[in-house]
Structure formats: structure tokens, C-alpha cells
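K.L.:
please find the sequence and the predicted model below.
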Amino acid sequence: MYAPPPHLGLDIVYQDDTLLIVNKPSGLLSVPGRGDGKHDCMASRVQAEYADALIVHRLDMETSGLLVFARGAAAHRALSYAFQSRAVDKRYVAVVDGALAASSGEIDQPLICDWPNRPLQKIDHEIGKPSLTRYKVLHRDQEACTTRLELEPITGRSHQLRVHMLSLGHAILGDMLYASDAVQKKASRLLLHACYLSVPHPVTGKAIAATSAADF
């Protein structure tokens, strides 16, 4: 059952006449979901205050952090192209199970939807789409046997960070889709947060950078 967090007001990180960057809380859909009772989402909350706002990309419901909205159709076209052409720099912070041996690295594993089990994604070297994630260790907690990471998705596949970390044997804590029961129980939510985003301004082209600290 969908139980979105209470609406305590928009957490706006950046705004002007053509661009909004807001913080999405964990547990809130980016856009309305299918079925009754799933209208409350980040898009509807933003549009209640900014009628011209159009969402440019999405975060998983369980993921928190920075989300971009365009104000008006022209800005939406420009920002959508920036995301499609990989002119946007995105970073996430995550806490994963276990201690990663390497301090940094790349995960180059092709992904595709696991149709019989959708919305799950899976690695498929025959028909999967190219998918690349870079990671850097921020801290290893020996007592808890967890690792805090900075993740940089070079591509933007669905569930990319979650599946790529799982492929290394280090599922993200609180991941109700991919982690084992024990790893799910290590956190009350998915410990994945969009903490940094740099996007070319839809009018000036100047890079607009926004940051957001994780609450975990």
C-alpha cells in the first residue's frame, strides 16, 4: 500500500523563471502511479505551487534527493535534451552491505527489464543496454560491516545503481527489491540519495550545480 510521507512544504534547492531543483523525500513517487491512491507525488506537489513545472527525469520512489523540473515547454525540451545527451553530471551517496575491497572502480554491466518479474531489472550480456557506474568509497564501517559510497551513473538505466551494486555482492541497505531479508532489515529505508547534480541552464547554458546532504 502506498503511504507517501507527509507534505511539509517544498524543499527547493534552486529556482528561477525556467528551472526548479527540489529535494524529493524517500517514499514519495516522482510522478503519479497507476491505480487509486497514487496521485500524490513530487510532480503534483510542485505543480500545486508552480503550475508551469514539468518534470524532466525521475528518481525511484525509495530514493531521495535532487529532482529537476522545467518551467515551460521550451525549458523542458532543452533540459530533456541535456539529460538524453549526458550533459548532466549526477552523483549519489549510498550505504551498502559489506566492505568493498577496492577504493574506487567501474561497473560495466548491460541491463534490461526482467519482464516476468517487472519492475525488476537484470544483467543480460546478450540483449542488455550498455550501463556504466563509477564508484568511490567514502567510509568503511567495520563494526556494522557496511560501506558508504559515492556513485556516479554515467548511463541512466532504471534501477542501475541498485543492480550494479548487487552485482558486486554489496546490495544497498534497505533495498526491498534486490537485497536479502537481512540486508533489507539493516535500514528503515533505501539508503540511496541523489546528492549532487550539475545541469546546463535551459536559457544561458551555464552549468547550474546543486547539492543535497543525505539524512543517513
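P.N.:
Arrived safely. Numbers count the residues shown, from 1 in each chain.

K.L.:
work out the gap between stretch 178-192 and the centre of the chain.
P.N.:
16 Å (C-alpha atoms, centre = their mean, to the nearest Å).

K.L.:
list the buried residues of stretch 105-122.
P.N.:
Across stretch 105-122, burial judged by 16 or more other C-beta atoms under 10 Å covers 107, 109-113, 121-122. In this view, the C-beta of every residue, glycine as well, is placed from N, C-alpha and C.

K.L.:
for Ser104, list each beta-bridge partner.
P.N.:
Beta-bridge pairing for Ser104 (DSSP bridges): Lys136.

K.L.:
what of the one 4 residues further on?
P.N.:
According to DSSP bridges, the partner residues bridging Asp108 are Leu132.

K.L.:
surely it meets Leu132?
P.N.:
Yes. Assessed by C-beta atoms under 8 Å, Asp108 is found in contact with Leu132 at 5.2 Å.

K.L.:
which one of the buried residues of stretch 105-122 sits closest to His170?
P.N.:
Ile107 (10.5 Å; C-beta to C-beta).

K.L.:
longest helix in this structure, by residue count?
P.N.:
Counting residues, the longest helix in the chain under DSSP state H turns out to be helix 73-84.

K.L.:
and it, C-alpha only, in CSV?
P.N.:
Written as CSV, here are the backbone C-alpha positions of helix 73-84 (Å, rounded to 0.1, in the frame of the first residue of the first chain):
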residue,chain,number,x,y,z
ALA,A,73,7.7,23.6,-22.7
ALA,A,74,10.8,25.3,-24.2
ALA,A,75,12.8,24.8,-21.0
HIS,A,76,11.6,21.2,-20.8
ARG,A,77,12.9,20.5,-24.3
ALA,A,78,16.3,21.9,-23.5
LEU,A,79,16.6,20.1,-20.2
SER,A,80,15.4,16.8,-21.6
TYR,A,81,18.0,17.0,-24.3
ALA,A,82,20.7,17.7,-21.7
PHE,A,83,19.8,14.5,-19.9
GLN,A,84,19.5,12.5,-23.1
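
K.L.:
what residues does stretch 9-19 touch?
P.N.:
20-23, 25, 45-46, 49, 66, 68-72, 74-75, 79, 199, 201-203, 208, 210-212 (C-beta atoms under 8 Å, 6 or more residues apart in numbering).
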